[in-house]
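Peer 1: Need a 3D model of the following:
(one chain, ligands or ions: 1)
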Amino acid sequence: LRGRGVWRYKKLIAGEYKRLISINEGGTPLIRSCNINKNLYMKYEGVNPTGSFKDRGMTVAVSSAVSNGYKTVIAASTGNTAAAAAAYAARAGIKSFIVLPKGKVALGKLAQSILYGTTIMEVEGSFDVAMGAVMKLYKDLGIVYPLNSFNPWRLEGQKTIAFEITEDIGVPDAVIVPVGNAGNIYAIWKGFTELVKAGVTDKIPRMIGVQAEGASPIARAFIEGSQSPVFTDSPETVATAIRIGKPVNWRKAMKAVRESNGTMLVVSDNEILKAQRDLARKEGVGAEPASAASLAGYYKALDRKIISPDEKVAIILTGHSLKDPDSMGKAETKRILINPSFIEKIILEEVN
Ligand SMILES: Cc1ncc(COP(=O)(O)O)c(/C=C/C(=O)C(=O)O)c1O
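Peer 2: Numbering: from 1, shown residues only. Alright, predicted model coming up:
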């Protein structure tokens, strides 16, 4: 394997692997902002093989599955876990099943899952109905290997985001992560704590989790200071990747945020869509709405003086814009039907 990406850190990834299933995931660019704030860095996970950070966890989890003789993997998903599970299972030559909330998965992710040839099972209701079914099934059947982020090997892969950021810019003052099922914020925090334990670094960034207003059980609990979240059966947000009402890893997320002296923030769908346009139109970076929640969270953190403009901050852009064409269509831009002879006139009007 080339010396970049997730398996560059093989020695720091727990577990023994007879076989590595890799599509050269990881090693993603950390892009410095040029028009929002020079102290802001964007970890662009959209350039992973299936277009989201999920590939980092999937390479480890599927390598673990095949190394332990599993021939069948399963995952509930809002879309990105599904696409990644399908791709890595295909590469491993094993069968994959994904369970999706019917009609609630962004088009790009559904199309990917179809292309990769997984078996798609759709359920009525939210992602949480799918998650509940998978949890029950793998406990009862035992013949399928679960790929959701309660699977520790997923987190072993995703923690490499922390290693790469540290190699690029050192330990930031804060890291802002969009939170759905809540595995990723914990995995990234775990990565930073392991670097301190290994004596490589001497500080942990403040971990700031961002949830969408209509799907924010953990953020609300954190803000209200209550011990456990109030789950919802009907999460709602344009950021369909994080439209999760009963996050399985909520305890882990709370631990990461509390122990890093971080916080949780709630952002509205409008703030998410504005942030998505800002990423594209100020930085040239195309991200899906859930990813843009981290920029919306950055704006809110600046506004509330949770972060100061001169602090070094990394935001995790978890998925590519192509995942969710419908959300891009919500943006507006000038689009005119013209007679070709008018092109010069229009351009001269626009640029003068
Ligand atoms: C683009 C994007 N951004 C953020 C998250 C939240 O990460 P977690 O808090 O670790 O869940 C997801 C999660 C998606 C799924 O849970 C799934 O694909 O089933 C995502 O796809």
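Peer 1: OK, contacts around residue 28?
Peer 2: The neighbours of residue 28, taking C-beta atoms under 8 Å, 6 or more residues apart in numbering as the test, are 43-48, 164. C-betas here are computed from N, CA, C, even on glycine.
Peer 1: Buried only: go through the residues you listed for me.
Peer 2: 43-46, 48, 164 (16 or more other C-beta atoms under 10 Å).
Peer 1: can you count the residues close to residue 192?
Peer 2: By the measure other C-beta atoms under 10 Å, the count of residues near residue 192 is 25.
Peer 1: how far out from the middle of the chain is the helix or strand it falls within?
Peer 2: Using DSSP states H and E, the secondary-structure element containing residue 192 is helix 183-197. Distance, stretch centre to chain centre, for helix 183-197: 15 Å (C-alpha atoms, centre = their mean, to the nearest Å).
Peer 1: quick one: which of the buried ones among the contacts of residue 28 sit in helices?
Peer 2: residue 164 (DSSP state H).
Peer 1: Please, where are all the strands along this protein?
Peer 2: In chain order, the chain shows strands spanning 30-32, 40-44, 72-76, 95-101, 119-123, 145-146, 174-178, 206-212, 263-267, 313-317, with DSSP state E as the criterion.
Peer 1: Pipe the ones you listed into JSON lines and attach distance to residue 155 and mean pLDDT per row.
Peer 2: Rendered in JSON lines, the data for the strands of the chain read as follows (distance: least, C-beta to C-beta, whole Å; pLDDT from 0 to 100):
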{"stretch": "strand 30-32", "distance to residue 155": "20", "mean pLDDT": "98"}
{"stretch": "strand 40-44", "distance to residue 155": "17", "mean pLDDT": "99"}
{"stretch": "strand 72-76", "distance to residue 155": "14", "mean pLDDT": "96"}
{"stretch": "strand 95-101", "distance to residue 155": "20", "mean pLDDT": "97"}
{"stretch": "strand 119-123", "distance to residue 155": "25", "mean pLDDT": "97"}
{"stretch": "strand 145-146", "distance to residue 155": "13", "mean pLDDT": "92"}
{"stretch": "strand 174-178", "distance to residue 155": "13", "mean pLDDT": "99"}
{"stretch": "strand 206-212", "distance to residue 155": "14", "mean pLDDT": "98"}
{"stretch": "strand 263-267", "distance to residue 155": "19", "mean pLDDT": "98"}
{"stretch": "strand 313-317", "distance to residue 155": "14", "mean pLDDT": "99"}
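Peer 1: With distance to residue 243 added, can I get these in CSV?
Peer 2: Below are the strands of the chain laid out as CSV (distance: least, C-beta to C-beta, whole Å):
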stretch, distance to residue 243
strand 30-32, 27
strand 40-44, 22
strand 72-76, 13
strand 95-101, 8
strand 119-123, 14
strand 145-146, 21
strand 174-178, 11
strand 206-212, 7
strand 263-267, 14
strand 313-317, 18
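Peer 1: Spatially, which two of the buried ones among the contacts of residue 28 are the most separated?
Peer 2: The distance between the two most remote of those (C-beta to C-beta) is 14.6 Å, for 46 and 164.
Peer 1: Show the overlap between the buried ones among the contacts of residue 28 and what lies near the ligand.
Peer 2: Contacts with the ligand within the buried ones among the contacts of residue 28, counted by C-beta under 6 Å from any ligand atom: none were found.
Peer 1: Buried ones in stretch 301-309, by neighbour count?
Peer 2: With burial defined by 16+ other C-beta under 10 Å, the residues of stretch 301-309 counted as buried are 301-302, 306-307.
Peer 1: end-to-end on that stretch?
Peer 2: Using C-alpha to C-alpha, to the nearest Å, the end-to-end distance of stretch 301-309 comes to 10 Å.
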